[in-house]
Structures are given as structure tokens and as C-alpha cells.
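In: Pasting the sequence and the predicted coordinates here, then a few questions.
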Amino acid sequence: MLNFKNDTFKIMQIADTQEGARVSPDTLDLINAALERENPDLVVYSGDQIWGKANFKGNRDKVKDVLDQLTQPVRSRNIPFTVCFGNHDRQVGLSNEEQFEIYKEFDCFVGESVEGIDGVANHVIEIKDNDDLKFLLYLFDSHTNLSIGYDHVHENQIAWYKKTRDEYEEKYGRLIPSVVIQHIPLCEVFELLEEVKKSKKGAVRGFRTHANRFYVLNRDRVNSTGFMKESPADPQENSGELDAFKEKGEVLGVYFGHDHNNSFNGKVDGIDLGYTQGAGFHVYGPGKDRGVRIIELKKDGSLDTYDLRFRNLVGNKVKEPIKYAIFQIMPTNMFDAVSRAIKFFAGLGIAAIIVIILLFFFG
């Protein structure tokens, strides 16, 4: 049972560590420093903890070793932790069901995967003040890819949430304030953005359903320290998840990862939607603004949230500077990679034309 120890209950969200067969010491330094600073009451690893079939080849021992390393900073401090899954975890050749069983072998792990609905590690966690239920934390599997683009939380998962919400309301005679954590964002996150011209400073290019559009954060709607360095890779279909949360209004916030270069939050129809930037240093990310999110639950049923960043927790020196530099220039997604390739080869073509002109006139 999870309980308030003080006036606040702190949840630390760690997103997109996305480690391979060897865990980055900089990733671990970030996690350790954040734990030391905040001493949270619960840690949530919110998907894409690991990736790469070539790294693991379905080897259970290798997967368990890396998950052991990633969760050791939390477990060594006797802090409870839980997980949800992202779009990359299952790509290591070991299913999410098998990985969930590994997590359950670790001390300090909390949570059970609900049977009968789509996905793995869908569950709800009670947070109490002694015997008084104060909050519910819902974890959802937001799945992986559709034929084009990303998936979403499915209809039967939303039905499970509604049934669970209503059962708690009937049992306690009131709605229980709730928070949701999942990997892939909600479509409505675009309501926190402003569409601008390509020439606008800081504009990022959308893709798929937002192709050839450019966006910046709407500074009137998001936190002042938030940043967006890549387009949200939202689901290609809106499953009505936010509409379900709005029905009774007890969900205060929905927090996700997935797009490593984004960290911001703001209200859409009264519900706080928040990106948590990537924490992993063996994958692309926002430089030394890699970090974690803190969600502070208050006994009065309100919450506050903020991020913590490597540069402020650890400093400006990384232990693997060469790898850090390489991952800083990696494409963020396939669309980004193709766009870069087109620009590169177009540049080569222009250079060739210039050489031919120079040879014609001066050769």
C-alpha cells in the first residue's frame, strides 16, 4: 500500500531510457541525482526502457540484466516503482508479457497487469493517507505502431478505466482524484501548440497527419520553462481517451514520454497534459536537458508538476562525450532521417551543378 508520508506524495516519471545491452553511466547519474534531490514516494518508468533486437536477440538474461541496472538506483533506496510499456520495449525479441514477469521478480515493484483487455501492465494504484484514499494512478499500455503511424489506448482499455472509476465512486461515495501515465501522447496535445510559418524562430515541422505544417509552443498555455524540439508523434487515430477523462473530471493530469526532445505541460479542457523528456543517453535526446518529471500530489486533491534536468542535477560534464556527441546529431525519427537525406543529396546536386558551371567558364 502506498501512503502519504508528508503533505505531498511525489511521483517521479522516468521516460525513454531506451538502453541497449550496456547502460549509459550518464543515464544512471541522472537517475541517481534526481532520486537524491527529490526522494520520491513512487517511481514510474513510462515506456521504452530498452530497445534493439540486435542488442538482446530475445535473450532473457540480457534483458533482465539491463532492467536490473536501470531499476537498481530506485531499489537500492527502497523506493516502490512501477512501469508501463512503450513502442520499442517489445522489439528486443522478448514480449512485454515476458518482460513484465521480469519486473515482478524485482523487489520494490508494485502493480499487476489487468487481464482481459488489450496490452500489458494496464493497472491502477491506490495512494492513501493512512486509510483515506486520496488518489488513483492509472497506467496504460499505449501499444506500438499501426500500419502508418502510432497506435493509441484501445476502446476496451478505456471501458476498463470507466468501470474502475465508477466502482471507486460507488464504494467511496465520491470521485477519486486521478493521474494517468502512459507512453504515447494524446492527440489533443496539439491544442497546446501554435501553428506558424516555417520561418518562425524555433518552429518544428509536423509529420504524418501534420505534414508540411510548422509549430511552436503556445506560451500562453504551457509552463514557462517548457521546450519542444520535435513535433509530437501523436496517434494517427483519436480513440476518445481524453473525452473519457473529461466525463466526470476526476483526472487531473495525463503525462507521457515518447518524443524525447519535448518537455512541457499545460491544460486542455481542465486536464493537465505533460510531456516528459527522454532520460537516456544512448539514444537521441535534448542534450543536457535530458531529465525526469516530478508529479506532486497534494492532500487537498490538487497537484503540481515540474521537470528536473541533467545540467542542473549533474552538471555539464558527461562521462561518454563521444557517444553523447553522436546521439546529438541522430535523426529523431524516420521522417526526419528521410528529410535529412533528401536535403543532403539535394545539396550534393547543387554542388555538382556549381562545379560544372565553374568548369565551363574557367576550365
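Out: Thanks, I have the structure now. Numbers count the residues shown, from 1 in each chain.

In: so where's the protein shaky on pLDDT?
Out: Within the chain, the stretches with pLDDT under 70 are 147, 332-363.

In: Just give me the residue right at the centre of it.
Out: What sits nearest the mean C-alpha location of the chain, by CA atoms, centre = their mean, is residue 257, with 1.4 Å.

In: For residue 250, see how far away that residue is.
Out: Counting by CB to CB, to the nearest Å, the gap from residue 257 to residue 250 is 23 Å. C-beta: built from backbone N, CA, C; applies to glycine.

In: quick one: residue 79 and residue 35 touch, right?
Out: Yes - using CB atoms under 8 Å, residue 79 makes contact with residue 35 at a distance of 7.1 Å.

In: Need the residues touching each of those two.
Out: Residues within reach of residue 79 and of residue 35 at once, by CB atoms under 8 Å, 6 or more residues apart in numbering, are residue 43.

In: circling back to that earlier point, who's in contact with the residue nearest to the centre of the chain?
Out: 13, 15-16, 46-48, 86, 183, 275-278.

In: For the closest residue to it other than its chain neighbours, give the beta-bridge partners.
Out: Take residue 257 and drop its neighbours on the chain: the residue closest to it by CB to CB, 6 or more residues apart in numbering is residue 15, 2.8 Å away. The partner list for residue 15 in beta bridges (DSSP bridges) reads residue 278.

In: picking up where we left off before, quick one: which of the contacts of residue 257 has the most company?
Out: For those, the largest neighbour count, defined by other CB atoms under 10 Å, is 32 neighbours, found at residue 15.

In: can you tell me how far that residue sits from residue 160?
Out: Residue 15 is 23 Å from residue 160, where distance means CB to CB.

In: which element is residue 297 on?
Out: strand 291-298 (DSSP states H and E).

In: which helices and strands does that strand pack with?
Out: Packing partners of strand 291-298 (3 or more CB pairs under 8 Å, 6 or more residues apart in numbering; DSSP states H and E): strand 8-14, helix 25-38, strand 251-256, strand 303-309.

In: Kindly reformat the ones you listed as a markdown table and extend each row with distance to residue 210.
Out: Formatted as a markdown table, the helices and strands packed on strand 291-298 follow (distance: least, CB to CB, whole Å):
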| stretch | distance to residue 210 |
| --- | --- |
| strand 8-14 | 25 |
| helix 25-38 | 30 |
| strand 251-256 | 17 |
| strand 303-309 | 24 |
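
In: Please, where are all the helices along the stretch 151-300 of the chain?
Out: Here the stretch 151-300 of the chain has its helices, by DSSP state H, counting those that start in this stretch, at 155-172, 241-246.

In: just those helices: most buried one?
Out: helix 241-246 (a mean of 19; mean count of other CB atoms under 10 Å).

In: Just the residues contacting it, thanks.
Out: Residues contacting helix 241-246 (CB under 8 Å, 6+ apart): 152-153, 158, 161-162, 180, 186-188, 251, 254, 268-271.

In: Distance from it to the middle of the chain?
Out: Mean-position distance between helix 241-246 and its chain equals 19 Å (CA atoms, centre = their mean, to the nearest Å).

In: Restricting to C-alpha, output it in PDB.
Out: Output of helix 241-246 as PDB, limited to C-alpha atoms (Å, rounded to 0.1, in the frame of the first residue of the first chain):
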ATOM      1  CA  GLU A 241      -9.400   8.800 -24.400                       C
ATOM      2  CA  LEU A 242      -9.400  12.500 -23.300                       C
ATOM      3  CA  ASP A 243     -13.200  12.600 -23.700                       C
ATOM      4  CA  ALA A 244     -13.500   9.700 -21.300                       C
ATOM      5  CA  PHE A 245     -11.300  11.500 -18.700                       C
ATOM      6  CA  LYS A 246     -13.500  14.700 -19.100                       C
END
